[in-house]
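Enquirer: Here is a sequence with its predicted model. Questions after.
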Amino acid sequence: MTVVLGCIADDFTGATDLAGLLARSGVRVRLHMGLPDDAPGDDVAPFEVIALKTRTLPVAEALEQTRAAAQWLQAAGAGRYFWKYCSTFDSTETGNIGPVAQALMSDLGAAQTIYCPAFPENGRRVFMGNLFVGQQPLAESPMRDHPLTPMRDSDLTRLLAPQVSGQVGLIDHPVVEAGPQSIRTALAALAAEGRAHIVIDAIRDGDLETIAAACREMPLITGGSALAMALPGLYLADGTLSADAPRLVPPVLGAGAVVLSGSCSAMTNRQVALYLDSGAPGFRLDPLDLARNGNNAVLDWLAAQDLAQAPIIYATANPESVRAAQDQLGVVRAGEIVEETLAACAIAARDRGAQRFVVAGGETSGAVTRALDVSRMDVGAEIAPGVPWCFGRSAGTELALTLKSGNFGTESFFADALERLST
Ligand SMILES: Nc1ncnc2c1ncn2[C@@H]1O[C@H](COP(=O)(O)OP(=O)(O)OP(=O)(O)O)[C@@H](O)[C@H]1O
Ligand SMILES: O=C(O)[C@@H](O)C(=O)CO
């Protein structure tokens, strides 16, 4: 088996999002949590995804890690590459979307690439170069106030320009709608003008299919997960991938489960509230209490729970409570203390036999997978668009984990996830 598409994502939930959409095709997708320690073996999957945590790192560190990931994928025999970033284009003037794309272009010999964060199923659309979240322009959406990457402009060409040294161009929706040949002609015209970084409109899945058909031969494509979703079908159709490519056989798992939520997004707040309302046993983590008294109380509580009831431990709180904790502890320490506690709970739950882990939040997912030392996962069925169940091993035991991005899923996500796995 050879790697048809080597993928690199800039955060953990983003990587499972990408892996989940690729896995819709039924073809095997392997997900690595961080740069693999070992050189690629003979058992690579057609789609290999490396999850990094580079979204808000200093540029030099992001470049170093991404280049190392690309080298691993090259050694695994990857023929083409995909650079996945957030569907809300989370970045700043200094990066990291543009600088990483530029470095990969240079390393992989790509003279031109496209940028398309659209994910129509989750309400992210690009029109005339502007990104919309639902009905709001990006800069008027809650992403305006993101603590690390506040998005204060909706025009992707303007957002990208200061991040790259080459010229930025746009392929707008009428060109996309006219079909793959029209896109190829526009790309060639932009290349002749010296434009290497091309933002491209997409408002529906059909647009993404057209773009994928036009750009599939590019050495490097960049975008949100939904653009990559269109690629497996093209590879299957032309025989690049055979229909008998290996498929995932999910493991049989015990009933023990735990829900760990460190995301404070509006959607996760609603998901936690509904799960508690449905009668699930729950323990609320208070960062100030954790700072004063440590985490024995929650670990004692967890030790007394019936894990077949899928208890939830959550720090999820409204913006006022989060601010109050951050004012007293500092933003970084408040986050760390919650992440450390949820990581300790994950280990305790695993050691008591839990094999199903529902985790909410990107940073939280990083902390939990690191604590469980899950380095590699196979990707299974999606619970909601961009949120699949994944299967890995921790301390010699098979586990299922789902890593939910803060804004993804519907209100009933936690119950849906557990139900989905048992069927
Ligand atoms: N009550 C709280 N007070 C202060 N910080 C908190 C609280 N609860 C959680 N946190 C911290 O907030 C951060 C939430 O980030 P995380 O990436 O996990 O969620 P998210 O931003 O909603 O998810 P995503 O990155 O997938 O959109 C974590 O560092 C977490 O520890
Ligand atoms: O693209 C998205 O919105 C997500 O996969 C993500 O990157 C969340 O951090």
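Expert: Nice, I can see it. Ligands and ions are numbered 1, 2, ... in the order given.

Enquirer: can we go C-alpha only for contacts and neighbour counts from here?
Expert: Will do.

Enquirer: Can you get me a residue count around the nearest residue to residue 166 once chain neighbours are set aside?
Expert: Residue nearest to residue 166 in three dimensions, not counting chain neighbours: residue 196, with 6.3 Å by C-alpha to C-alpha, 6 or more residues apart in numbering. Using other C-alpha atoms under 10 Å, residue 196 has 23 other residues around it.

Enquirer: Can you classify residue 196 as helix, strand or coil?
Expert: Assigned state for residue 196: strand (three-state reduction, DSSP: H, G, I helix; E, B strand; the rest coil).

Enquirer: what's the answer for the one 3 residues further on, then?
Expert: With three-state DSSP as the basis, residue 199 sits in strand.

Enquirer: start at 59 instead
Expert: Taking 59 as the first residue, the last one we looked at is residue 257.

Enquirer: Check whether it really touches residue 229, as I assumed.
Expert: Yes: applying C-alpha atoms under 8 Å as the test, residue 257 and residue 229 come out as touching, 6.3 Å apart.

Enquirer: coming back round to it: so who does the residue nearest to residue 224 touch?
Expert: 169-171, 224-227, 248 (C-alpha atoms under 8 Å, 6 or more residues apart in numbering).

Enquirer: quick one: which of these sit in helices?
Expert: residue 248 (DSSP state H).

Enquirer: Produce a ChimeraX select command limited to the buried residues of the contacts of residue 254.
Expert: To isolate the buried members of the contacts of residue 254 in ChimeraX, using 16 or more other C-alpha atoms under 10 Å:
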select :169,170,171,225,226,227,248
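
Enquirer: circling back: any common contacting residues for residue 257 and residue 229?
Expert: residue 187.

Enquirer: Among those two, which residue is more densely surrounded?
Expert: residue 257 (26 against 21).

Enquirer: Tell me how far residue 416 lies from residue 215.
Expert: Between residue 416 and residue 215 the computed distance is 37 Å (C-alpha to C-alpha, to the nearest Å).

Enquirer: Residue numbers of the protein in contact with ligand 2?
Expert: Taking C-alpha under 6 Å from any ligand atom as the criterion, the chain approaches ligand 2 at residues 71-72, 75, 143-146, 282, 420, 463.

Enquirer: least confident pick among those residues?
Expert: Among the residues of the chain next to ligand 2, residue 420 has the lowest pLDDT, at 89.

Enquirer: List the contacts of that one.
Expert: Per C-alpha under 8 Å, 6+ apart, neighbours of residue 420: 69-72, 321, 461-464.

Enquirer: And the strands in the stretch 159-308 of the chain?
Expert: Applying DSSP state E, counting those that start in this stretch to the stretch 159-308 of the chain gives strands spanning 171-174, 182-185, 188-191, 194-195, 225-229, 253-258, 278-281.

Enquirer: how far does stretch 143-154 sit from the chain's center?
Expert: Here stretch 143-154 is found 13 Å from its chain centre; the criterion is C-alpha atoms, centre = their mean, to the nearest Å.

Enquirer: Next, residue 64: secondary structure please.
Expert: strand.

Enquirer: Leaving aside the residues adjacent along the chain, what's closest to it?
Expert: residue 139 (4.7 Å).

Enquirer: Does the one you found touch residue 67 like I think?
Expert: No: counting by C-alpha under 8 Å, residue 139 does not reach residue 67; the two are 11.0 Å apart.

Enquirer: returning to that earlier point: put the buried members of the contacts of residue 420 into a ChimeraX selection.
Expert: To isolate the buried subset of these in ChimeraX, counting by 16+ other C-alpha under 10 Å, use the following:
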select :69,70,71,72,321,461,462,463,464
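
Enquirer: Closest to residue 292 out of the contacts of residue 420?
Expert: Residue 292 lies nearest to residue 72 out of these, by C-alpha to C-alpha, at 22.6 Å.

Enquirer: Give me the phi and psi angles of the closest one.
Expert: The phi/psi pair for residue 72 (degrees, to the nearest 10) reads phi -60, psi -40.

Enquirer: Tell me who's in contact with it.
Expert: 109, 142-144, 283, 420, 463.

Enquirer: can you rerun that using 10 Å?
Expert: 66, 78, 109-111, 142-145, 282-283, 420, 444-445, 461-463 (C-alpha atoms under 10 Å, 6 or more residues apart in numbering).

Enquirer: Next: residue 340.
Expert: 317, 330, 333-334, 359-360, 363, 368-372.

Enquirer: Just the buried ones from the residues you listed?
Expert: Buried members of these, counted by 16+ other C-alpha under 10 Å: 317, 330, 333, 360, 368-372.

Enquirer: Among those, which ones are in helices?
Expert: Per DSSP H, these map to helices at 330, 333, 360.
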